[in-house]
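K.L.:
Can you look at this prediction? I've put the sequence above it.
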Amino acid sequence: MSISPENAPAGATDTSPRNAHSRGRRLASWREHHGWSALASLRRLAARPLGSLLTISVMGLALALPLAFYLLLGNVQKLGDALGQSQAISVFMQPGQGAQQAQLLVRQLSEHPAVATVTLKTPQQGMDELAKMQGFSSALQTLDDNPLPYVLQLQPRGDLSAGAIEQLVTDIRAMHSVDLVQDSGSWRQRLDALLDVGNRAVLVLASLLALAALLVVGNTVRMDIASRSEEIGVLLLVGASRAFVRRPYLYAGLWYGFFSGILAALLALLIELSLAGPVAQLSRVYDGKLQVGALPLWLLLAVPLAAAVIGWFGARVVSARQLRKAG
């Protein structure tokens with residue numbers, strides 16, 4: 001026995017060709033309206049080039065600032081790494097200690113698990129370095145003997161924490177025949193602390209500027225909706241849904257965000273190019289040890305997409321509120 005659609009049980013799914021065709025038409029209409037909304041909103045932006053350009057410029061500048069600070073902090077971090085590679089712990093032996101005691105201390109430090117390399121500098125090498133400095137050569141000629149002690153330059157392992165390096169310095173100071181230990185790691189700890197503060201400041205700044213971009217989009221969409229209030233009222237009266245009316249404005253916010261993100265990425269690239277000359281000179285000063293990095297490609301590509309989401313969200317919030325007032 002066949003069951004007609006009128007006699008079908010409650011809850012049964014209607015899989016008739018007629019219903020499938022109706023769903024297909026609704027889906028096609030939905031896609032067509034999305035395409036029309038995207039193009040219509042883009043044409044509206046092009047119809048008022050000055051206002052659109054000002055909005056996109058303000059948002060682009062706001063989004064470019066966190067990128068510039070991120071670039072600056074990343075390169076300061078690399079500068080600290082490059083300087084840290086050349087900063088060793090200097091161990092000055094007590095006056096009167098000879099070559100035998102110096103070699104014994106070298107062996108002791110080389111066996112320490114926290115030490116990577118140890119270099120011994122003799123008093124004569126220290127005297128030769130002083131003689132090359134301007135103003136010291138004549139003064140050194142008046143000395144009867146060499147007053148300089150043996151000096152050991154040791155490099156800690158790169159994976160050590162600040163606490164482990166501090167403990168290493170304490171252990172060295174307690175060793176026999178050691179007179180003075182100079183540790184230049186404190187400056188790196190201060191630099192790391194400043195970089196942590198800078199990274200947190202960049203996050204806060206990026207959040208505030210993203211909020212500013214959202215407000216700019218929201219205000220622009222609000223003004224656009226207000227200027228078309230009569231048209232929107234007619235559409236609502238003839239039965240258009242709020243989603244139907246809101247869709248072009250959502251795409252307008254998306255375009256604002258997307259184009260401003262592209263502008264922000266271009267501005268960040270211009271900042272990199274403007275710094276290329278001084279950075280190259282700085283790298284030459286450090287014998288090529290300083291490798292200055294640029295903004296990663298994934299970040300430059302992600303900025304327009306993230307800005308588009310911000311623009312869409314700002315338009316979504318404002319348009320929903322404005323249409324509720326209009327309805």
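P.N.:
Happy to help now that I have it.

K.L.:
moving C-terminal of the helix or strand of the chain with the lowest mean pLDDT, what's the next helix or strand?
P.N.:
None of the helices or strands of the chain scores lower by mean pLDDT, DSSP states H and E than helix 137-140, at a mean of 57. The element immediately downstream of helix 137-140 (helix or strand, assigned by DSSP states H and E) is strand 151-156.

K.L.:
Against which helices or strands is that following strand packed?
P.N.:
For strand 151-156, the helices and strands in contact under the criterion 3 or more CB pairs under 8 Å, 6 or more residues apart in numbering; DSSP states H and E are strand 89-93, helix 99-110, strand 115-121, helix 162-173. In this view, the C-beta of every residue, glycine as well, is placed from N, C-alpha and C.

K.L.:
What angle do helix 99-110 and the shortest one make with each other?
P.N.:
By that I understand strand 89-93. Relative orientation of strand 89-93 versus helix 99-110 (axes from the mean of the first three to the mean of the last three CA atoms, to 10 degrees): 150 degrees.

K.L.:
got the angle for strand 89-93 vs strand 115-121?
P.N.:
50 degrees.

K.L.:
do the same with the second one
P.N.:
Angle of helix 99-110 versus strand 115-121, following the same axes, to 10 degrees, is 160 degrees.

K.L.:
again with the last one
P.N.:
Helix 162-173 and strand 115-121 meet at an angle of 40 degrees, taking the same axes, to 10 degrees as the criterion.

K.L.:
can you give me the offset of the next helix or strand after helix 162-173 from its chain's centre?
P.N.:
Using DSSP H and E, the next helix or strand after helix 162-173 towards the C-terminus is strand 178-182. Counting by CA atoms, centre = their mean, to the nearest Å, strand 178-182 is centred 40 Å from the centre of its parent chain.

K.L.:
what's the answer for stretch 91-100, then?
P.N.:
Worked out by CA atoms, centre = their mean, stretch 91-100 lies 48 Å from the chain centre.

K.L.:
Could you pull out the helices in this protein for me?
P.N.:
Ranges of helices within the chain are 17-47, 49-85, 99-110, 123-132, 137-140, 162-173, 185-227, 229-237, 242-274, 276-285, 297-326, based on DSSP state H.

K.L.:
Which stretch among those helices is buried most, on average?
P.N.:
helix 242-274 (a mean of 21; mean count of other CB atoms under 10 Å).

K.L.:
Could you chop this protein up by domain?
P.N.:
The chain breaks down by automatic domain parsing into domains covering 35-82+190-326, 88-183.

K.L.:
need the least confident one among the ones you listed, by mean pLDDT.
P.N.:
Ranked on mean pLDDT, the bottom entry among the domains of the chain is domain 88-183, at a mean of 78.

K.L.:
before we move on, the earlier item: is it possible to export the domains of the chain to TSV including distance to residue 25?
P.N.:
Below are these laid out as TSV (distance: least, CB to CB, whole Å):
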stretch	distance to residue 25
domain 35-82+190-326	16
domain 88-183	65
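
K.L.:
Contacts for stretch 320-327 next, please.
P.N.:
221, 222, 225, 226, 229, 232, 233, 236, 242, 245, 246 (CB atoms under 8 Å, 6 or more residues apart in numbering).
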